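Enquirer: model the following, please.
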Amino acid sequence: MRLVTGLCWTVALTAGVCFAANSHRYLSLHSAAPYAALRPPHHALPNAQVHLEFATPADAQAWIAAWADLATHCRLHEANCLTYEAATDDHAGTKVVIMERYLSKEDLTVTHQASEPFLAFRQHPVQALVKSKSAQSYIESNVGFTFCQEKGY
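Expert: The predicted model follows:
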């Protein structure tokens with residue numbers, strides 16, 4: 001086994017399997033073997049996506065600028081929020097998707113969606129810029145991979 005250490009994570013290479021770990025936390029796994037067979041079953045994590053559409057790219061950017069405070073709150077105060085990021089479409093710049101990933105469904109529905117900053121942002125005047133909105137939650141299939149170096153996942 002060969003250990004390679006980085007900023008806040010360690011990568012162990014052994015028998016064709018690469019995994020990164022931060023203390024007891026599971027980060028990422030890559031191997032020729034089927035990913036689902038290697039990934040711990042308790043890591044079928046809940047995800048959510050929120051799709052927004054705006055009239056102009058400026059409206060989309062204004063919404064993201066206001067949303068940034070909520071994203072900062074999630075990063076600093078919601079330890080089990082693994083991903084909370086906005087992306088803008090690369091064509092017209094009028095569509096935004098918020099990608100969210102949590103350790104448990106309760107982290108999404110109780111900790112995040114019932115938080116004071118989340119509820120306050122839902123009432124923020126910038127919400128008037130949203131032309132359409134849809135949201136869907138998902139459970140990971142354990143096929144593929146995802147990695148967030150900052151949080152160690």
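
Enquirer: mind listing the helices for this protein?
Expert: Along the chain, counting by DSSP state H, helices occupy 35-38, 57-77, 105-106, 116-122.

Enquirer: among those helices, which comes closest to Asp89?
Expert: Asp89 lies closest to helix 57-77 among those, at 8.6 Å (C-beta to C-beta). Where you see a C-beta, it was placed from the backbone N, CA and C, and this is true even at glycine.

Enquirer: mind giving me the packing neighbours of that closest one?
Expert: For helix 57-77, the packing partners by 3 or more C-beta pairs under 8 Å, 6 or more residues apart in numbering; DSSP states H and E come out as strand 46-54, strand 81-88, strand 95-102, helix 116-122.

Enquirer: tell me the strands beside the third one, with direction?
Expert: I take that to be strand 95-102. Sheet pairing of strand 95-102 (DSSP bridges) gives strand 46-54 (antiparallel), strand 81-88 (antiparallel).

Enquirer: save those strands as CSV, and put in mean pLDDT and distance to Asp107 too.
Expert: Converted to CSV, these look like this (pLDDT from 0 to 100; distance: least, C-beta to C-beta, whole Å):
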stretch, mean pLDDT, distance to Asp107
strand 46-54, 97, 8
strand 81-88, 95, 6
